[in-house]
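Enquirer: This is the structure alone, sequence omitted:
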């Protein structure tokens, strides 16, 4: 495993103080879960305290820094605690890493780690399931790309639209309709196809003229198809060759499915046990899922069943309704004061 010194040597020269203020470093990603395979990326997360001029001054701010060689994100202690308190899955899990994956720790970090269970609340049912839903959307989208490649870029002429850009009035109208769609959208909020189907009805309900609605609808559909083509091209261009081979074999993005399953299971377990199991006991099965062991038809049924199990676990959990922000803040203040 990489050393603290080697990892910190990769940091950029600015801010100059950062290397000396890091209080925690750990592996992250698949190595935490035990789902890493040959060739898996090495990802790292760190947390730093803040110098006095950043805490009390106004000439410099610091929330986080992100590197890509190696893949390393270092959060300020304040940014980290805020995201963890919001039960962000990718951040919350860092408090529950097993010792074998910790690269560097300090007494300041251990103060926070000692109260890690205060960060847990019923809110995880929202955030973990939300992240899982985003994985499901990617699975559906990428499968559609496999079955129906987006080959052509639509033109405005095909939609009987002028080449000139929309006037501000149309932009404002689009924003009004989209805001209304977002307010009534459920799980399909990111599903552009369903939004398009609902667009004329929503616009009519807002009182727009029928001819104006027709123009709005054509512009919206054109914009969605253009965005779809751009998203497809980006996906096709950036696919990892090994991941591409598995995806074409099983008909969907199996890595997304692995994350979906992990998120649901972790969430349900946490609601039942009151703790977060990051190093997965089902890692072997998750690796098999990543390699395409599930038929596509199983996915939707499994998700619906998991939603029901999550609701049951949520109804019976002993976790508090909200994160204990008052007690967490006391510890963060102690860490910040100690670090200055």
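Expert: Ah, there it is. As the structure is a prediction and not an experimental result, all values here were calculated from the model. Residues are numbered from 1 along each chain as shown.
Enquirer: SS state for the residue lying farthest from the centre of the chain?
Expert: Here the chain reaches farthest from its C-alpha mean at residue 211, the gap being 39.9 Å by C-alpha atoms, centre = their mean. Per DSSP: H, G, I helix; E, B strand; the rest coil, the secondary structure class of residue 211 is helix.
Enquirer: same deal with residue 25?
Expert: Under three-state DSSP, the three-state class of residue 25 is strand.
Enquirer: Would you agree it is in contact with residue 10?
Expert: No. With contacts defined as C-beta atoms under 8 Å, residue 25 does not count as touching residue 10, sitting 11.5 Å away. In short, each C-beta sits where N, CA and C put it, glycine included.
Enquirer: Look at the two and report which has more neighbours.
Expert: residue 25 (25 against 12; other C-beta atoms under 10 Å).
Enquirer: Who is that one paired with across the strands?
Expert: Counting by DSSP bridges, residue 25 forms beta bridges with residue 46, residue 104.
Enquirer: Report the residue spans of the stretch 1-150 of the chain with pLDDT below the cut-off.
Expert: Filtered on pLDDT under 70, the stretch 1-150 of the chain yields no residues whatsoever.
Enquirer: and with 90 instead?
Expert: Per-residue confidence for the stretch 1-150 of the chain (pLDDT under 90) gives these ranges: 1-3, 8, 11-14, 37-42, 52-60, 68-70, 150.
Enquirer: Check the stretch 201-340 of the chain too.
Expert: Residues of the stretch 201-340 of the chain that meet the criterion pLDDT under 90 lie in 201-229, 236, 238-246, 248-249, 324, 335, 337-340.
Enquirer: again, 50 this time
Expert: Along the stretch 201-340 of the chain, no part satisfies pLDDT under 50.
Enquirer: can you map out the helices along it?
Expert: Counting by DSSP state H, counting those that start in this stretch, the stretch 201-340 of the chain has helices at residues 210-238, 241-250, 254-273, 283-290, 296-316, 325-339.
Enquirer: helices or strands up against the second one?
Expert: By that I understand helix 241-250. Where contact means 3 or more C-beta pairs under 8 Å, 6 or more residues apart in numbering; DSSP states H and E, helix 241-250 is packed against helix 124-147, helix 254-273.
Enquirer: Now render these as CSV, adding mean neighbour count.
Expert: Formatted as CSV, the helices and strands packed on helix 241-250 follow (neighbours: other C-beta atoms under 10 Å):
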stretch, mean neighbour count
helix 124-147, 18
helix 254-273, 22
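Enquirer: Please name the nearest non-neighbouring residue to residue 29.
Expert: Sequence neighbours aside, residue 43 is the residue nearest to residue 29 in space, at 3.8 Å (criterion: C-beta to C-beta, 6 or more residues apart in numbering).
Enquirer: Repeat that for residue 264.
Expert: Once flanking residues are discounted, residue 264 sits nearest to residue 306: 4.3 Å by C-beta to C-beta, 6+ apart.
Enquirer: The one you found: neighbour count?
Expert: By other C-beta under 10 Å, neighbour count at residue 306 equals 19.
Enquirer: Residue 293 now?
Expert: Using other C-beta under 10 Å, residue 293 is surrounded by 14 other residues.
Enquirer: Phi, psi for residue 179 please.
Expert: Residue 179 adopts backbone torsions of phi -60, psi -40, taken as degrees, to the nearest 10.
Enquirer: Residue 36 too?
Expert: For residue 36, the backbone dihedrals are phi -70, psi 140 (criterion: degrees, to the nearest 10).
Enquirer: so how far is residue 45 from it?
Expert: Per C-beta to C-beta, to the nearest Å, residue 36 is found 15 Å from residue 45.
Enquirer: Which one's more surrounded, these two?
Expert: residue 45 (24 against 17).
Enquirer: ok, for that one, nearest residue in space, not its chain neighbours?
Expert: By the measure of C-beta to C-beta, 6+ apart, the closest residue to residue 45 outside its immediate chain neighbours is residue 28, 4.4 Å from it.
Enquirer: For that neighbour, give its distance to residue 271.
Expert: According to C-beta to C-beta, residue 28 stands 23 Å off from residue 271.
Enquirer: Next, the angle helix 325-339 makes with the helix or strand containing residue 73.
Expert: Residue 73 belongs to strand 71-76 when assigned by DSSP states H and E. Going by axes from the mean of the first three to the mean of the last three C-alpha atoms, to 10 degrees, strand 71-76 is angled at 100 degrees with respect to helix 325-339.
Enquirer: Direction included, what does strand 71-76 pair against?
Expert: strand 43-48 (parallel), strand 64-68 (antiparallel).
Enquirer: just how off-centre is the last one within its chain?
Expert: Read it as strand 64-68. The chain centroid and the centroid of strand 64-68 are separated by 16 Å under C-alpha atoms, centre = their mean, to the nearest Å.
Enquirer: next one: stretch 19-33
Expert: Stretch 19-33 sits 18 Å away from the centroid of its parent chain (C-alpha atoms, centre = their mean).
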